[in-house]
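J.: got a structure for you, letters missing:
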């Protein structure tokens, strides 16, 4: 086979997958080539534009390291991450909704005891966060992992300023107590721009978009027998609540970050200045429900509920 | 806008491009999101599969350096490069056809005088290559740039073995003489696998494909007033001539690499062993023809014929 033109090349590429022994790999490869070629035929790129695309993708990969995942960020700003989330976590009555993972999770985060302060050297207003983790029928989930990460009071994550901070901040792993409850002190996060010093920032500027995300605290919850829950709790009234750069906001995930006067905090801490208070009660989806959905989806391979933790 | 589901997210993302001031950027962005989301909705990736995709693209970017362009290679094996080529260089009667650029071009290649030997420390059979560069009406193009690169007699490019070779080999830039002719000695290239030590190799193995390209010599020709011509001359009878891993073969670009007995070569060189001989006469497309096509293509921005030279 040779002498392909812009119409015949697509089938020629797909024909090459005829010896592919894995049905799912074949299905994805064929769909990729069809959609990718349709995109190219629609936009009819010049060679210069194609070269820009190659260079953009190359620079996106090269911007990634153990503290920064620019391809996740690209997936986020193109709405792909929320689309994958919607496909994998359709709403289930009584279960906490999920949202994007984001590019700032760090493996092996520092561990804390309940009630401790995760703030490290973050600047901003103190915030006390508490809540519960339970099953849909109200059973408290004791010993559940509660993984938290968020920005400081200026709008930066710790991994964007590790030298200045001298270590992680606004980030930690806790376990729920026997009543399935968790509590910790930290700093109130504020709205912030996704990192704009890389290719994704270049893309947002070219597309005439702002890079901001409304204030939120990331949570990743894990408990044996339940589906991993990756979500945020957004601050009510944030100026970007309706234009999140990564499309992650859901009404059910918005809570007021309540400003409290100086005095005694819920855990007995004496506060000599005002602080913020946030409560959120999480309900996890039983893994059985995930398996049930998997059975109904014809394209679902094994292992679909395995947690993704970027390396 | 919030609470997007798998159907509403696409329009939500496209809506964000409403302030995009560049019509072409907006057009490409919208098409990208539509096709990318359609792909995702068709394959319904698990989160694990999505994470694999992120990781694959990241590793592809990180495999690139000044001697290796893995994203071009990915574009090549998915047929995208030949599709872009087909769109930008539709056949024109009497003009030499183009084909893929490939990942192995190096900026600022060594320059040679006509008749010199480009082989460096390459191993393989000697080959004498000559030919001409002309306009479609037969006018010889004097002083045209003839950029050549190819594999050795084992199937490796110089940039894959620079330490061993001690420098570039099988690569050089020449200028045509007053009659528009060029000639040089080198080593006969053979079929070879595209690099399989990176993500693209992993993809080819997963898809059950061989990685081979039929033997060819890369040419990039440039002359003022003519469209840059990126092409190959393939060796007739190669075992991979009908299954090039990057879909680049066109009948008009196949020539016999003729085996000649020991004796006096066309340039007078005395050969004490057999050698190979290749002739190819190139016809370049006038830039005016490119501009004419550009006028007819509604999506064509300025500068579409500018050469791409990877950094």
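T.: Perfect, I can see it now. Bear in mind the structure is a predicted one, so any value in this text is a computation, not a measurement.
J.: got the residue ranges for the helices in the stretch 1-150 of chain A?
T.: Taking DSSP state H, counting those that start in this stretch, the helices of the stretch 1-150 of chain A run over residues A:9-15, A:23-43, A:47-62, A:70-77, A:80-88.
J.: Do me a favour and average the pLDDT over stretch A:57-71.
T.: Computed over stretch A:57-71, the mean pLDDT rounds to 93.
J.: next one: stretch A:234-253
T.: Mean predicted confidence for stretch A:234-253 is 96.
J.: residues touching the residue in chain A that chain B sits nearest to, list them.
T.: Of all residues in chain A, the one sitting closest to chain B is residue A:61 (1.3 Å; CB to the nearest CB). For every residue, glycine as well, the C-beta is placed using N, CA and C. By CB atoms under 8 Å, 6 or more residues apart in numbering or on different chains, residue A:61 lies in contact with A:70-71, B:57-62, B:64, B:71.
J.: As JSON lines, those residues with distance to residue A:79 would be great.
T.: As requested, the contacts of residue A:61 are exported to JSON lines (distance: CB to CB, whole Å):
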{"residue": "A:70", "distance to residue A:79": "16"}
{"residue": "A:71", "distance to residue A:79": "15"}
{"residue": "B:57", "distance to residue A:79": "17"}
{"residue": "B:58", "distance to residue A:79": "19"}
{"residue": "B:59", "distance to residue A:79": "24"}
{"residue": "B:60", "distance to residue A:79": "22"}
{"residue": "B:61", "distance to residue A:79": "21"}
{"residue": "B:62", "distance to residue A:79": "25"}
{"residue": "B:64", "distance to residue A:79": "27"}
{"residue": "B:71", "distance to residue A:79": "22"}
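J.: pLDDT score assigned to residue A:310?
T.: 39.
J.: ah, wrong one, I meant residue A:299
T.: So, for residue A:299, pLDDT stands at 46.
J.: mind listing the strands for the stretch 101-250 of chain A?
T.: Listed in chain order, the strands found in the stretch 101-250 of chain A under DSSP state E, counting those that start in this stretch are A:126-134, A:145-150, A:171-175, A:181-187, A:192-193, A:212-213, A:216-222, A:229-235.
J.: chain center to the last one, what's the gap?
T.: So the one you mean is strand A:229-235. Remark: strand A:229-235 is offset 9 Å from the chain centroid, using CA atoms, centre = their mean, to the nearest Å.
J.: Return the set of buried residues in it.
T.: Applying a neighbour-count criterion of 16 or more other CB atoms under 10 Å in any protein chain shown, one finds A:229-235 buried in strand A:229-235.
J.: Distance to residue B:205 added to the residues you listed, as TSV?
T.: Shown next, in TSV, are these (distance: CB to CB, whole Å):
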residue	distance to residue B:205
A:229	35
A:230	31
A:231	37
A:232	38
A:233	43
A:234	43
A:235	48
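J.: Let's have the strands of the stretch 101-250 of chain A in TSV, adding distance to chain B.
T.: Output for the strands of the stretch 101-250 of chain A, formatted as TSV (distance: least, CB to the nearest CB, whole Å):
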stretch	distance to chain B
strand A:126-134	20
strand A:145-150	16
strand A:171-175	20
strand A:181-187	24
strand A:192-193	15
strand A:212-213	12
strand A:216-222	12
strand A:229-235	9
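J.: I'd like to know which of the contacts of residue A:61 is nearest to residue A:213.
T.: residue A:70 (15.8 Å; CB to CB).
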